[in-house]
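# Got a predicted model here, sequence first, then my questions.
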Amino acid sequence: MNADCGCSMPPVKRGAMVARPWRGFLAGLFDLLAGRAEPPAARGAPQPWQRAATRRRAVLLAIVAGSALGATALLLHTLPEGGGPAPLRVAQVGLFTLLFAWVAAGFATAMMGAWVLWRGDPHALSARAVGRAPLSVDARTAIVMPICNENVASVFGGLRATCESLAATGVASLFDVYVLSDTNDPGLRAAELAAWAALRDALGEGARVHYRWRTRRTRRKSGNVADFCRRWGRNYRYMVVLDADSVMSGDALVAMVRLMEAHPDAGIVQSAPRACGVATLHARAQQFAGRVTGRLFSAGMSWWQLGESHYWGHNAIIRVAPFMQHCALAPLPGRGGLGGEILSHDFVEAALMRRAGWQVWLVDDIEGSYEQQPANLLDELRRDRRWCQGNLQNARLLAEPGLHGVHRAMLFTGAMAYLSAPLWLGFVLFGSALWLAGGTPLTSLAGGARGGAAALWLATLAMLVLPRVAGVAALLLSGAQRAYGGRAALLRGALLEAALSVLTAPVRMVAHTLFVLGALTGLKLEWKSPPREAHDIGWGEALRRFGPLAAFALALLAALAMLEPRAALWLAPMALPLALVVPVSVFTSRASLGCRALAQRLLMTPEEHCAPRVLRQAWHFARHAAPAPGWLDALTDPWLFEVVRQAPGERHTAWGSRGRARRRLVAALVERDTARLSRADRLRLLAEPQSMVALRDQLAASRKSLTTNPVAAHAAFT
């Protein structure tokens, strides 16, 4: 797009993106059991990475199965004979086996990641391996950023920093940028148009930055991206999908295109974005954990997934043609929380891409890929509620024909990430029921049985703690501790993050249990974007949200302390954090505490020690953004009016029944204030240039006539 052109969108070049209906869980499962399942598509002969992946997954399964079976045998040896009804004992042992296997899988993945960080992986895709290979002029790439009711200053500040960094690479001519808006607030929509126009002007001549607003918001983010693909996907070989909080350096964007060019069988390449940019204590703890421990898990997943990996929905590059051909998403049949439009679309799109024979890679050495964490515990739980419903919904696709086994496993583990919470509670409840039914509590076991219980507890604790220890050790051995504030600051930060995790883990478990119950009982939720800017949780809000949970935990702990002190002691590690959730959520939401911790070099990350230029620019642009205009400014500010008028391009909306309805709406504004317009009418007017011109002229004429009649002016415009 020419920088002087007022239209916000290029000419449409339509393409098809047709969804394939789902087979259904029961029908697909029957086909699998009967041996009639559709095999995955293959593109050429098996490659060396596929044989390596088969061996590695066998190792992972052996570790998980061996750990779970060994722990189960020890549990059976520990439990006393005749300790309660047999059905309860069977249920307790079954839950323990499943949950211990879940913990063992996470532990094994982290240890595999530590091995990769130490020794490397000859089969993995690497950004370093492609170097600075020249790019073909045909490698046209769209950078698409779907947004919906976001903080305009931070979104366009990050996007401007990304575009300027890309311009510095010298190959920006290969890239076009699309902001895909689903915003339904007319004030924010006017602010988005103003920010888009300002960004286009700031980038200068030749910048191709487009803005698209959908009048019909269908299928949320996945529908927004699909709408782009149908309109303009045929113009591009690749597209890079960003979230509203994403920032990427130009080098990272170019490296991803080079990876796709060097590996023509790759359908999706997912970077491992670094969390940064939020100053609250809660967010800084999450950012620190992601940099110290989270990188082990991403490297470990890459080690055993290889070319059949995750797609996380953002900071990734996609080959457009196969995505359009194979990754359209049909709605799931049924109503309620697990039916309808697919919410967590990214895992499903990765599975469909691989089903068609294209590879999906997680590349963890792409530097310059960034995102944000939720600012506080409440925002994190709101996000988790959406993810919970989406991942449980995806479990209905486990038996879909043609999916690779590893992607079936990832759909299962996505659901287990949230199902594990009620399963842990169920395990505790079964233990309590056995105790009440006449069994022996673990605190009363004697001799070898007590030793076996202690061994199980220590094994579980070790599997949870050792990934953190390994993450810190990897940094110390590589000499990278300086970027984390030094050796002492790194160790103190790791202890602080672990303490905060202990305080919030029971809250997450209870919240995830409630989310699972809500999804399984058919409760629908409103899917909103999480807040991108930090804000404190007030005491009133914390009491309203968490007070009942804290009161219940305190009452339960007090009752057990009076009736059975040993049981209260056993339950205290879970009940005390629940009782303290109100002050913990309030204090960890404070940006002031996060800044004080940073001043002490606690929870420091490399992005805080020495922020890359693209991040510094993103933060600077967001802080110094012009004040956001409102809807009425689109009529009264001449510059913004021209932006709004020209942005939709040539639209003939004055014809037919819609045109007549819009003319009646504009005419009625002579007699009433524009503030009485509905939100839907304001949004429609912003999308229709003829209506905006008529409205401006009508209001100008009305105001001119009312200047001679102060009484009528007061009645019409106040």
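Sure thing, it's come through.

# what stretches of this protein score poorly on pLDDT?
1-5, 80-85, 431-450, 523-534, 651-659, 662, 665-675, 702-718 (pLDDT under 70).

# at 50 what do you get?
By pLDDT under 50, the weakly predicted segments of the chain are 1-4, 527, 710-718.

# mind listing the strands for it?
Per DSSP state E, the chain carries strands over the ranges 141-147, 175-181, 209-213, 238-241, 247-248, 266-271, 274-275, 316-319, 359-363, 369-371.

# Relative to Arg119, which of these is closest?
The minimum distance between Arg119 and these falls on strand 359-363, with 17.3 Å, by Cβ to Cβ. (Glycine included, C-beta is placed from N, CA and C.)

# re earlier: would a markdown table of the strands of the chain with mean neighbour count be doable?
Written out in a markdown table, the entries for these read as follows (neighbours: other Cβ atoms under 10 Å):
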| stretch | mean neighbour count |
| --- | --- |
| strand 141-147 | 25 |
| strand 175-181 | 24 |
| strand 209-213 | 22 |
| strand 238-241 | 25 |
| strand 247-248 | 30 |
| strand 266-271 | 27 |
| strand 274-275 | 22 |
| strand 316-319 | 26 |
| strand 359-363 | 26 |
| strand 369-371 | 24 |
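
# can you redo those strands as JSON lines with distance to Thr588?
Formatted as JSON lines, the entries for those read as follows, by distance: least, Cβ to Cβ, whole Å:
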{"stretch": "strand 141-147", "distance to Thr588": "27"}
{"stretch": "strand 175-181", "distance to Thr588": "32"}
{"stretch": "strand 209-213", "distance to Thr588": "37"}
{"stretch": "strand 238-241", "distance to Thr588": "31"}
{"stretch": "strand 247-248", "distance to Thr588": "24"}
{"stretch": "strand 266-271", "distance to Thr588": "28"}
{"stretch": "strand 274-275", "distance to Thr588": "16"}
{"stretch": "strand 316-319", "distance to Thr588": "30"}
{"stretch": "strand 359-363", "distance to Thr588": "30"}
{"stretch": "strand 369-371", "distance to Thr588": "20"}
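
# Of all the ones you listed, which one is nearest Ala91?
That would be, of these and by Cβ to Cβ, strand 359-363, which comes in at 36.5 Å.

# and the direction of the closest one versus that of strand 266-271, what angle?
For strand 359-363 against strand 266-271, the angle between stretch directions is 20 degrees (axes from the mean of the first three to the mean of the last three Cα atoms, to 10 degrees).

# packing partners for strand 359-363?
With contacts taken as 3 or more Cβ pairs under 8 Å, 6 or more residues apart in numbering; DSSP states H and E, strand 359-363 sits against helix 250-262, strand 266-271, helix 295-305, helix 345-355.

# what about the third one, distance to the chain center?
Between the centre of helix 295-305 and the centre of its chain there are 18 Å (Cα atoms, centre = their mean, to the nearest Å).

# That one to strand 266-271, inter-axis angle?
Per the same axes, to 10 degrees, the angle that helix 295-305 makes with strand 266-271 is 160 degrees.

# ok, now the longest one?
Note on geometry: by the same axes, to 10 degrees, helix 250-262 and strand 266-271 are set 160 degrees apart in direction.

# how about helix 250-262 as PDB, C-alpha atoms only?
Once side chains and other backbone atoms are set aside, the C-alpha atoms of helix 250-262 remain, and they are given as PDB (Å, rounded to 0.1, in the frame of the first residue of the first chain):
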ATOM      1  CA  GLY A 250      13.200  -7.800  12.600                       C
ATOM      2  CA  ASP A 251      16.000 -10.400  12.800                       C
ATOM      3  CA  ALA A 252      13.600 -12.900  14.400                       C
ATOM      4  CA  LEU A 253      11.000 -12.300  11.600                       C
ATOM      5  CA  VAL A 254      13.600 -12.700   8.900                       C
ATOM      6  CA  ALA A 255      15.000 -15.800  10.600                       C
ATOM      7  CA  MET A 256      11.600 -17.500  10.600                       C
ATOM      8  CA  VAL A 257      11.200 -16.800   6.900                       C
ATOM      9  CA  ARG A 258      14.700 -18.200   6.300                       C
ATOM     10  CA  LEU A 259      13.700 -21.400   8.200                       C
ATOM     11  CA  MET A 260      10.600 -21.900   6.100                       C
ATOM     12  CA  GLU A 261      12.600 -21.300   2.900                       C
ATOM     13  CA  ALA A 262      15.300 -23.800   4.000                       C
END
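
# what residues does it touch?
By Cβ atoms under 8 Å, 6 or more residues apart in numbering, the list of residues contacting helix 250-262 from outside reads 125, 127, 129-133, 135-136, 139, 141, 143, 162, 165-169, 171-172, 174-175, 237-238, 240, 266, 269, 271, 316-317, 319, 361, 363, 366-369, 614.

# repeat that for 7 Å
With Cβ atoms under 7 Å, 6 or more residues apart in numbering as the contact definition, helix 250-262 has outside contacts at 125, 127, 130, 133, 135-136, 139, 141, 165-166, 168-169, 171, 238, 240, 266, 269, 271, 317, 319, 363, 366-369.

# Can you give me the buried ones in it?
Of the residues in helix 250-262, those scored as buried under the neighbour-count criterion (16 or more other Cβ atoms under 10 Å) are 250-261.

# which of the residues you listed lies closest to Val64?
The nearest member of the buried residues of helix 250-262 to Val64, counting by Cβ to Cβ, is Leu259 at 30.7 Å.

# Next one: Phe30 from Ala399, what distance?
Separation of Phe30 from Ala399 (Cβ to Cβ, to the nearest Å): 8 Å.

# same question, Ala226
Here the distance between Ala226 and Ala399 works out to 25 Å (Cβ to Cβ).

# and if you look at Asp265?
26 Å.

# With neighbour numbers in mind, choose between those two.
Neighbours of Asp265 and Ala399, each counted by other Cβ atoms under 10 Å, are more numerous for Ala399; the result is 22 against 13.

# ok, now which ones touch the more buried one?
Contacts here follow Cβ under 7 Å, 6+ apart; on that basis Ala399 touches 25, 28-29, 32.

# May I ask which of these has the most neighbours?
Using other Cβ under 10 Å as the neighbour definition, the contacts of Ala399 reach their maximum at Gly28, which records 21 neighbours.

# Leaving out the residues flanking it, which one is nearest to that residue?
The shortest distance from Gly28 to any residue that is not its chain neighbour, by Cβ to Cβ, 6 or more residues apart in numbering, is 3.2 Å, and that residue is Ala399.

# Need phi/psi at the one you found.
The phi/psi pair for Ala399 (degrees, to the nearest 10) reads phi -100, psi 20.

# what do you get for Gly402?
phi 90, psi -10.

# what about it, neighbour count?
Counted with other Cβ under 10 Å, the neighbours of Gly402 add up to 18.
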